[in-house]
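Asker: Structure for this input, please:
(one chain, ligands or ions: 1)
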Amino acid sequence: MTKRIFKAILAVALSMLLLCTALIIGVLYEYFGNQFSSQLASSAAYIAQGVENEGMSYFENLHKGSSRITWVDKDGTVIYDSIAEVSALENHKDREEIKQAFENSTGKSYRYSNTLAEKTLNYAVKLKDGSVLRVSSSQYSIFMLILGMLQPILIILIIVVTLSGAIAYKVSKQVVKPINEIDLEHPEYASAYEELTPFLRRITYQNRQIKSQMDELRRQQQEFSTITENMSEGFLIIDSKTNILSHNSSALKLLDVNGEVGNQSVLTLNRSEEFRKAIDLALKGEHNQQKMRINHSFYHIFANPVYQGDNLVGAVLVIMDITEKEERENLRREFTANVSHELKTPLTSISGFAEIIKNGIAKQEDIPGFAVNIYNEAQRLITLVEDIIKLSQLDENSVPFEKEPVDLLQIVYTVSSYLRPAAEKRNISLDIEGQPVQVLGVSKILEEMVYNLCDNAIKYNKDKGKVCISLSEERGAVKLTVSDTGIGIPYSLRERVFERFYRVDKSHSKEIGGTGLGLSIVKHGAAFHGASIYLKSKPDKGTVITINFPPLL
Ligand code: ADP
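Answerer: Numbering: from 1, shown residues only. Sure, this is the predicted structure:
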């Protein structure tokens with residue numbers, strides 16, 4: 001704007017200057033031209049008077065100066081000329097000024113030289129005898145005048161241009177300064193120009209509108225990010241070119257992306273085929289769902305296209321961690337397969353013995369033995385089914401009893417009374433240490449847990465070994481420890497033994513007995529009571545399993 005004002009002022013000043021110069025030169029030229037013309041007229045009249053009095057002899061003493069004097073006879077023949085030879089001059093009767101003088105007693109004309117550099121003014125006066133006296137004199141033409149004054153004109157021009165430039169610069173700055181000083185954030189306080197008031201009022205109004213719209217947008221944006229940031233699911237919005245427009249931190253966590261994520265392609269976050277497929281299909285307008293795996297975790301990706309009118313403008317991706325569900329599903333599948341197998345073995349055996357008896361192949365004396373086998377296998381089946389029921393109750397948190405303060409020492413005594421015969425059979429000592437302690441729990445489950453721990457401590461013990469059950473309490477927290485001097489558990493399997501149906505030595509499981517669910521029931525029972533389990537074992541030396549109950553409130 002400053003530049004435009006500057007240029008405009010400068011242009012006006014220069015054009016005014018040129019116009020003034022031209023007008024002044026024109027007026028001056030006209031003025032001096034008239035002066036020159038009247039001087040010529042008076043000197044023509046003066047010379048005419050002299051010639052009339054003295055005739056040709058008058059010319060002899062006359063000082064001619066720069067004027068040319070010509071005397072023309074009545075018929076136009078040149079009688080005298082101050083410059084040229086009279087004989088060489090043609091008849092002058094048709095010359096404009098001479099013609100006028102013959103008719104009106106005076107005549108006047110001017111002629112330009114070939115180069116337009118000079119203007120010759122002729123003034124003719126008719127004498128009494130009918131002849132005509134002409135005085136001619138030259139003056140510079142206006143072009144020559146300008147040419148002659150070119151240097152001072154140029155100097156004046158330069159001075160005026162410089163001055164105009166400086167003034168234009170200052171004026172334009174001054175004009176623009178108040179406009180530049182307007183605070184567009186608060187245009188209502190500006191007092192620049194009255195003409196700008198409606199404009200500034202409009203800006204104030206628009207500023208207010210923009211501010212309230214921005215506040216609303218910010219509020220919505222905050223609401224949106226609060227919601228998405230609190231989602232455990234990953235959330236990503238992309239445009240039609242796969243560039244990320246918005247994301248939450250869960251998305252980065254689930255996709256295992258470290259560091260900042262900008263407006264980059266979402267495909268750089270994960271290179272798996274399923275991820276790409278989900279995005280490709282969504283950007284082709286297809287709602288789809290893909291399952292993918294990152295490291296040891298499983299995810300579901302829900303990809304939905306986003307439309308604006310009829311145009312597909314991007315997609316929304318929601319990523320859900322389904323690892324737990326997947327693991328549960330796997331466990332369920334494994335469990336079903338194991339249960340079927342565990343049920344089938346005793347049933348096949350029962351069916352085999354029953355078939356022999358039914359077909360009458362069995363000898364009479366073998367039948368009682370077969371009946372014992374059938375009974376034992378049936379008992380195994382019952383124990384197995386009971387264990388499965390207990391586990392599923394603990395699994396589904398549908399234990400049909402309320403928790404209450406239970407004396408754990410009492411339970412230990414009860415359990416040891418059940419197991420003492422089996423221990424004595426193998427000369428295994430069963431010691432109990434500790435005083436009565438109370439835990440908040442369900443006595444049936446607690447009994448089951450203690451039973452399984454002690455049963456294992458005897459089963460996997462060596463003959464003449466030792467089993468010690470100890471109870472202690474520290475600040476209300478009860479600790480139950482079952483230790484044995486048995487075969488121990490390899491370090492690498494110390495977690496696996498808590499899995500359903502997992503046994504370290506599968507080949508001897510039948511003669512040792514057990515369902516493979518004992519430690520699973522202990523683990524789930526402990527979780528039900530909010531207790532933690534620690535297992536310490538050394539192969540061939542023995543095992544110590546500790547359960548820490550939370551304090552009784
Ligand atoms: P099981 O019915 O086979 O005893 P459990 O779930 O109680 O099933 O135990 C799982 C496996 O852990 C057992 O088969 C055994 O190999 C191992 N185990 C459990 N307790 C002990 C222990 N005290 N000493 C050595 N091994 C043990």
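Asker: Do the host helix or strand of residue 522 and the ligand come into contact?
Answerer: Element membership for residue 522, per DSSP states H and E: helix 518-528. Yes. Counting by Cβ under 6 Å from any ligand atom, the ligand is contacted by helix 518-528 at 518, 519, 520. For every residue, glycine as well, the C-beta is placed using N, CA and C.
Asker: Quick check: of the residues you listed, which lies closest to the ligand?
Answerer: Closest approach to the ligand among the residues of helix 518-528 next to the ligand (Cβ to the nearest ligand atom): residue 518, at 2.5 Å.
Asker: what sits against that closest one?
Answerer: Going by Cβ atoms under 8 Å, 6 or more residues apart in numbering, residue 518 touches 387, 452, 455, 456.
Asker: Distance check, residue 364 against the ligand.
Answerer: As defined by Cβ to the nearest ligand atom, to the nearest Å, residue 364 lies at a distance of 36 Å from the ligand.
Asker: pLDDT wise, what is that residue at?
Answerer: The predicted structure scores residue 364 at 90 on the pLDDT scale.
Asker: Run a quick neighbour tally on it.
Answerer: The number of residues packed near residue 364 is 6, by other Cβ atoms under 10 Å.
Asker: The one 3 residues further on now?
Answerer: The local packing count at residue 367 equals 13, with neighbours defined by other Cβ under 10 Å.
Asker: The one 10 residues further on now?
Answerer: Neighbour count for residue 377, taken as other Cβ under 10 Å: 19.
Asker: if we can go back for a sec, now the contacts of residue 518 in JSON lines, with pLDDT and secondary structure?
Answerer: JSON lines is the format used below for the contacts of residue 518 (pLDDT from 0 to 100; DSSP: H, G, I helix; E, B strand; the rest coil):
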{"residue": "387", "pLDDT": "89", "secondary structure": "helix"}
{"residue": "452", "pLDDT": "96", "secondary structure": "helix"}
{"residue": "455", "pLDDT": "96", "secondary structure": "helix"}
{"residue": "456", "pLDDT": "96", "secondary structure": "helix"}
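Asker: Identify, from these, the entry nearest to the ligand.
Answerer: Closest to the ligand, out of all of those and judged by Cβ to the nearest ligand atom, is residue 456, at 3.3 Å.
Asker: of all the contacts of residue 518, which two lie farthest apart?
Answerer: Greatest spatial distance among the contacts of residue 518 (Cβ to Cβ): 387 and 456, at 13.4 Å.
Asker: Pull up the gap between the residue with the shortest distance to the centre of the chain and the ligand, please.
Answerer: Centroid-nearest residue in the chain: residue 263, 4.7 Å away (criterion: Cα atoms, centre = their mean). Taken as Cβ to the nearest ligand atom, the spacing of residue 263 relative to the ligand amounts to 54 Å.
Asker: and if you look at residue 312?
Answerer: Distance from residue 312 to the ligand, counting by Cβ to the nearest ligand atom: 56 Å.
Asker: what's the answer for residue 333, then?
Answerer: Counting by Cβ to the nearest ligand atom - residue 333 and the ligand are separated by 19 Å.
Asker: Next: residue 41.
Answerer: 148 Å.
Asker: Report how many residues lie close to the nearest residue to that residue once chain neighbours are set aside.
Answerer: Spatial nearest neighbour of residue 41, excluding adjacent residues (Cβ to Cβ, 6 or more residues apart in numbering): residue 123 at 5.2 Å. Close neighbours of residue 123, defined as other Cβ under 10 Å, add up to 26.
Asker: Show me the beta-bridge partners of residue 123.
Answerer: Here residue 123 sits in beta bridges with residue 108, residue 135, as judged by DSSP bridges.
Asker: any idea of the pLDDT on it?
Answerer: Looking at residue 123, its pLDDT is 94.
Asker: Which residues are in contact with it?
Answerer: Counting by Cβ under 8 Å, 6+ apart, residue 123 touches 37, 40, 41, 44, 97, 106, 107, 108, 134, 135, 136.
Asker: ok, of those residues, which come out buried?
Answerer: For the contacts of residue 123, a burial check counting by 16 or more other Cβ atoms under 10 Å picks out 40, 41, 44, 97, 106, 107, 108, 134, 135, 136.
Asker: Spatially nearest residue to residue 246, not counting backbone neighbours?
Answerer: Leaving aside its chain neighbours, residue 246 sits nearest to residue 237 (4.3 Å; criterion: Cβ to Cβ, 6+ apart).
Asker: Which of the three states applies to that neighbour?
Answerer: strand (DSSP: H, G, I helix; E, B strand; the rest coil).
Asker: can you pull the contacts of it?
Answerer: Contact analysis of residue 237 by Cβ under 8 Å, 6+ apart lists 244, 245, 246, 247, 306, 314, 315, 316, 317.
Asker: Return the subset of those residues lying in strands.
Answerer: 244, 245, 246, 247, 306, 314, 315, 316, 317 (DSSP state E).
Asker: Any chance of a PyMOL selection covering the buried ones in those residues?
Answerer: Burial among those is assessed by 16+ other Cβ under 10 Å; the matching PyMOL selection reads:
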select buried, resi 244+247+306+314+315+316+317
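Asker: Ramachandran angles for residue 83?
Answerer: Main-chain torsions, residue 83, degrees, to the nearest 10: phi -120, psi -50.
Asker: next one: residue 467
Answerer: phi -130, psi 130.
Asker: Surely residue 454 is in contact with residue 467?
Answerer: Yes. Using Cβ atoms under 8 Å, residue 454 is in contact with residue 467, at 6.5 Å.
Asker: Mutual contacts of the two, please.
Answerer: Common neighbours of residue 454 and residue 467 (Cβ under 8 Å, 6+ apart) are 430, 482.
Asker: Can you spell out which helices and strands pack onto the longest helix belonging to the chain?
Answerer: Longest helix of the chain, by residue count under DSSP state H: helix 2-54. Secondary-structure packing of helix 2-54 (3 or more Cβ pairs under 8 Å, 6 or more residues apart in numbering; DSSP states H and E): helix 57-60, strand 106-112, strand 118-126, strand 132-140, helix 142-148, helix 150-180.
Asker: As TSV, those with distance to the ligand would be great.
Answerer: Supplementary listing: the helices and strands packed on helix 2-54 in TSV, determined by distance: least, Cβ to the nearest ligand atom, whole Å:
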stretch	distance to the ligand
helix 57-60	160
strand 106-112	134
strand 118-126	135
strand 132-140	132
helix 142-148	123
helix 150-180	86
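Asker: I'd like to know how many residues surround residue 501.
Answerer: Around residue 501 there are 18 other residues, counting by other Cβ under 10 Å.
Asker: Looks like it contacts residue 516 (just checking).
Answerer: Yes. If you go by Cβ under 8 Å, residue 501 and residue 516 touch, sitting 4.0 Å apart.
Asker: Now do the shared contacts for the two.
Answerer: Counting by Cβ under 8 Å, 6+ apart, the contacts common to residue 501 and residue 516 are 338, 342.
Asker: For the residue nearest to the centre of the chain, give me phi and psi.
Answerer: According to degrees, to the nearest 10, residue 263 has phi -90, psi 50.
Asker: For it, give its distance to residue 238.
Answerer: Distance of residue 263 to residue 238, given as Cβ to Cβ, to the nearest Å: 10 Å.
Asker: Now the common contact residues for those two.
Answerer: Contacts common to residue 263 and residue 238, judged by Cβ under 8 Å, 6+ apart, are 244, 245.
Asker: show me what contacts residue 102?
Answerer: 93, 126, 132 are the contacts of residue 102 under Cβ under 8 Å, 6+ apart.
Asker: let's see 10 Å
Answerer: By Cβ atoms under 10 Å, 6 or more residues apart in numbering, the contact set of residue 102 is 72, 74, 76, 93, 124, 126, 130, 131, 132.
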